[in-house]
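**Q** Only the shape, not the letters, is given here:
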């Protein structure tokens, strides 16, 4: 007995096979009533997608650029002095290049501009443009609530942990593993007195991953408390440095901390090394872990396009978090390696 096909469903439903294909993906371009009717026919016939055919189609799509499919929204929230571009421009670079492969372009939409823009209005604009996929950039604060946005109309992926509500599928850097790699790289170079400096705000933005990894690695190394207690960046760095004399400092938000070290009369890296557990641009001079930002943007597009194809929209019941490993870079803020004997 031959298995039912989409052509069989189309014949019974009296629609084109393309309509059946879109309806089975719950594509919003097909009226909901039609989608429900086609799903019922498919269920009655016992239709199941051919996994081998789906894999072949996916392979063909991956190997060649597709004709224009539409636009994905790059949703930013540039409220106040916040600007996503200096830190996250490589996310955008990777996303744009990967989107072209699928036949999409990416357009920037700002929740904070023009002034007075509402979440409902932004949703209506995107729906009117027939935009079905959204990439939500990191937020300016950790208490941002975008629940009132009409997520049920869109497939959406967020970058990182900074969006408080709703909880969307997430693509980001593997921050815990990044600091673990940082610690083990430093120990392998012969460093023993390793300090850690963080801000409370940044600690929350990264879901406590850096602090958690540092404390875990220090516990494994010492069997107890860290050799040097972590420093909250708002405290007196000079007093902390003179008391504990770290050979190298891991700064969770390194760029903002450099001036504090120089104000203490210290030279980098001659007096003290500085390492960033994740820096966002491959062009940065940092020693530490490059978070592979371009690839994070690529994976975010892979994820949202797959969601569009599956007809997966709205706030998910079960979250998926895709974390991308970074790469250790010796950089210019650390003295050359001095391996332990």
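**A** Looks like it arrived, so ask away. From a predicted model like this one, the values you see are computed outputs, not experimental measurements.

**Q** Mind splitting this protein into its structural domains?
**A** Domain assignment for the chain by automatic domain parsing gives 6-49, 70-166+293-325, 175-290.

**Q** now the strands for this structure?
**A** Under the criterion DSSP state E, the chain contains strands at 70-76, 104-110, 133-136, 155-159, 169-173, 194-198, 231-232, 248-251, 273-279, 287-290, 321-324, 327-329.

**Q** can I get these in JSON lines with distance to residue 27 and mean neighbour count?
**A** Where C-beta positions appear, they are placed from N, C-alpha and C, glycine not excepted. Formatted as JSON lines, those follow (distance: least, CB to CB, whole Å; neighbours: other CB atoms under 10 Å):
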{"stretch": "strand 70-76", "distance to residue 27": "11", "mean neighbour count": "22"}
{"stretch": "strand 104-110", "distance to residue 27": "15", "mean neighbour count": "16"}
{"stretch": "strand 133-136", "distance to residue 27": "12", "mean neighbour count": "26"}
{"stretch": "strand 155-159", "distance to residue 27": "11", "mean neighbour count": "25"}
{"stretch": "strand 169-173", "distance to residue 27": "19", "mean neighbour count": "23"}
{"stretch": "strand 194-198", "distance to residue 27": "45", "mean neighbour count": "24"}
{"stretch": "strand 231-232", "distance to residue 27": "50", "mean neighbour count": "16"}
{"stretch": "strand 248-251", "distance to residue 27": "47", "mean neighbour count": "25"}
{"stretch": "strand 273-279", "distance to residue 27": "37", "mean neighbour count": "26"}
{"stretch": "strand 287-290", "distance to residue 27": "38", "mean neighbour count": "26"}
{"stretch": "strand 321-324", "distance to residue 27": "24", "mean neighbour count": "16"}
{"stretch": "strand 327-329", "distance to residue 27": "38", "mean neighbour count": "16"}
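
**Q** between those, which one is nearest to residue 303?
**A** Nearest to residue 303 among these is strand 155-159 (5.0 Å), distances taken as CB to CB.

**Q** can you give me the angle the closest one makes with strand 169-173?
**A** Interaxial angle of strand 155-159 relative to strand 169-173 (axes from the mean of the first three to the mean of the last three CA atoms, to 10 degrees): 30 degrees.

**Q** circling back to that earlier point, quick one: which of the strands of the chain is nearest residue 146?
**A** In terms of CB to CB, the element of those nearest to residue 146 is strand 133-136, at 7.8 Å.

**Q** how far is the closest one from where the chain is centred?
**A** Relative to its parent chain, strand 133-136 has a centroid offset of 11 Å by CA atoms, centre = their mean, to the nearest Å.

**Q** Stretch 243-250 now?
**A** Centroid displacement of stretch 243-250 relative to its chain, using CA atoms, centre = their mean, is 31 Å.

**Q** which outside residues touch that stretch?
**A** For stretch 243-250, the external contacting residues (CB atoms under 8 Å, 6 or more residues apart in numbering) are 179, 182-183, 186, 191-197, 210, 214, 228-229, 257, 261, 272-277, 288, 334.

**Q** circling back to that earlier point, possible to save the strands of the chain as JSON lines with distance to residue 19 and mean pLDDT?
**A** Formatted as JSON lines, these follow (distance: least, CB to CB, whole Å; pLDDT from 0 to 100):
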{"stretch": "strand 70-76", "distance to residue 19": "18", "mean pLDDT": "96"}
{"stretch": "strand 104-110", "distance to residue 19": "22", "mean pLDDT": "96"}
{"stretch": "strand 133-136", "distance to residue 19": "21", "mean pLDDT": "98"}
{"stretch": "strand 155-159", "distance to residue 19": "20", "mean pLDDT": "97"}
{"stretch": "strand 169-173", "distance to residue 19": "28", "mean pLDDT": "96"}
{"stretch": "strand 194-198", "distance to residue 19": "54", "mean pLDDT": "93"}
{"stretch": "strand 231-232", "distance to residue 19": "59", "mean pLDDT": "88"}
{"stretch": "strand 248-251", "distance to residue 19": "56", "mean pLDDT": "93"}
{"stretch": "strand 273-279", "distance to residue 19": "46", "mean pLDDT": "90"}
{"stretch": "strand 287-290", "distance to residue 19": "46", "mean pLDDT": "92"}
{"stretch": "strand 321-324", "distance to residue 19": "32", "mean pLDDT": "95"}
{"stretch": "strand 327-329", "distance to residue 19": "46", "mean pLDDT": "92"}
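
**Q** Go through those and name the closest to residue 223.
**A** Among the strands of the chain, the nearest to residue 223 by CB to CB is strand 194-198 (15.9 Å).

**Q** So residue 70 sits against residue 126, correct?
**A** No: the criterion here is CB atoms under 8 Å, and residue 70 misses it with residue 126 at 11.1 Å.

**Q** would you list every one of the helices in the chain?
**A** 6-13, 17-24, 32-45, 51-63, 85-102, 119-128, 175-188, 200-205, 209-222, 237-244, 254-263, 293-310 (DSSP state H).

**Q** just checking, what packs against the shortest one?
**A** For helix 200-205, the helices and strands in contact under the criterion 3 or more CB pairs under 8 Å, 6 or more residues apart in numbering; DSSP states H and E are helix 209-222.
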